[in-house]
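Peer 1: Got a sequence here, can you model it:
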Amino acid sequence: MILMNIKRYKIKWIILLWILLICVLPQTVSAHASLIQANPEQGSHLPKSPDKVVLTFNERLSGELYKLRVYNRNGKPVTDHQAELSEKHRKLSLKLAALDDGIYTVTYKVISADGHPVGSTYTFSVGRVSQSEAVNRIE
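Peer 2: This next block holds a predicted model:
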């Protein structure tokens, strides 16, 4: 009888300790990678062609799957180079040949270190841009 009371007492303390640990210890939340810096920046107008596009993320990316492309106004890729991931897996870069004047679309798809896919698209312009291109850019 006394032995059963001791076991119940231990079980109650273990349960209480477990509940306290769950409530007191900080909870971690896994977030997806977010773009924190782009060069060229979204919506920027550059007087001359950039030599590359560099995207910086707030957290480490998976080194296995990533894509970065730049397209001209006709939807054609402007380079055959492949994107490169930095040693710390936070920057993605793509070398570019000299771009003509116009509006360009950057599109990227990456996998966060937590396994979630992240992607987006933005535009920037180089040199003189015609009125019709500027209107199409806004739409």
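Peer 1: now the helices: where do they sit in the protein?
Peer 2: 2-24, 131-138 (DSSP state H).
Peer 1: Residue 77 against residue 70, yeah?
Peer 2: Yes. If you go by CB atoms under 8 Å, residue 77 and residue 70 touch, sitting 7.0 Å apart. Just so you know, the C-beta spots here come from the backbone N, C-alpha and C atoms, and that holds for glycine as well.
Peer 1: what about the protein, any weak spots by pLDDT?
Peer 2: 1-31, 131-139 (pLDDT under 70).
Peer 1: how near is the residue nearest to residue 112 when sequence neighbours are not counted to residue 118?
Peer 2: Leaving aside its sequence neighbours, residue 112 sits nearest to residue 33 (CB to CB, 6 or more residues apart in numbering; 4.0 Å). Note on residue 33: its distance to residue 118, by CB to CB, to the nearest Å, is 5 Å.
Peer 1: shared neighbours of these two, anything?
Peer 2: Applying CB atoms under 8 Å, 6 or more residues apart in numbering, one finds that residue 33 and residue 118 are jointly contacted by 110, 112.
Peer 1: Any idea how many residues pack against the residue nearest to residue 112?
Peer 2: Residue neighbour count, defined by other CB atoms under 10 Å, stands at 21 for residue 33.
Peer 1: any idea how far it is from residue 85?
Peer 2: 12 Å.
Peer 1: Need the overlap of contacts for the two.
Peer 2: residue 61.
Peer 1: that older thread, just to check, the residue nearest to residue 112 is in contact with residue 59?
Peer 2: Yes. If you go by CB under 8 Å, residue 33 and residue 59 touch, sitting 4.9 Å apart.
Peer 1: Which residues are in contact with each of the two?
Peer 2: 112, 113.
Peer 1: Distance of residue 104 relative to residue 76?
Peer 2: 11 Å.
Peer 1: Neighbour count: those two, which is higher?
Peer 2: residue 104 (22 against 7).
Peer 1: Report the beta-bridge partner residues of that one.
Peer 2: Beta-bridge pairing of residue 104 under DSSP bridges involves residue 124.
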